[in-house]
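Q: Predicted model and sequence follow; I will ask about them next.
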Amino acid sequence: MAKYKSRATRLSDTLDMSEKIADVEQLKEELEEWLDNLPENLQNSNKADMLQQAIDNLENIIDELENIQELQHDVEFPSMFS
């Protein structure tokens, strides 16, 4: 591994959200499975509403993490030699 990394590489490493996105997606899938397997008498309950709200919020987090990761492409570091 190189002793020195470019600023662009350091930013890319810092903003690599792949693992975080995967973790949040796993949480969302767990809640979706829980919601899908609720007994019929609980499908229109407060618990179902809470699960759906949590799922929606996790989807928003995933979107935001993906947006953060994409923003790195908007950053241009000046060259040392120009």
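A: Nice, thanks for sending it over. Given the structure is predicted, the values throughout are model-derived calculations rather than measurements.
Q: what's the model's confidence in the helix or strand where residue 65 lies, averaged?
A: Element membership for residue 65 (DSSP states H and E) is helix 46-71. The average pLDDT within helix 46-71 is 96.
Q: Buried residues, it. List them.
A: By 16 or more other CB atoms under 10 Å, the buried positions in helix 46-71 come out as 51, 54-55, 58, 61-62, 65, 69. The C-beta positions use only the backbone N, C-alpha and C, and glycine is treated the same way.
Q: okay, now residue 24: neighbour count?
A: 19 (other CB atoms under 10 Å).
Q: what do you get for residue 77?
A: By other CB under 10 Å, neighbour count at residue 77 equals 10.
Q: For it, grab phi and psi.
A: Reported as degrees, to the nearest 10, the phi and psi values for residue 77 are phi -90, psi 140.
Q: Can you pull the phi/psi pair for the nearest residue to it once chain neighbours are set aside?
A: By the measure of CB to CB, 6 or more residues apart in numbering, the closest residue to residue 77 outside its immediate chain neighbours is residue 7, 4.5 Å from it. Per-residue torsions, residue 7: phi -60, psi -40 (degrees, to the nearest 10).
Q: Next one: residue 7 from residue 70, what distance?
A: 18 Å (CB to CB, to the nearest Å).
Q: Kindly report the same for residue 41.
A: 43 Å.
Q: Ok, residue 56 next?
A: Taking CB to CB, one finds residue 56 at 21 Å from residue 70.
Q: Can you name every helix or strand that the helix holding residue 65 contacts?
A: Counting contacts by 3 or more CB pairs under 8 Å, 6 or more residues apart in numbering; DSSP states H and E, helix 46-71 packs against helix 18-36.
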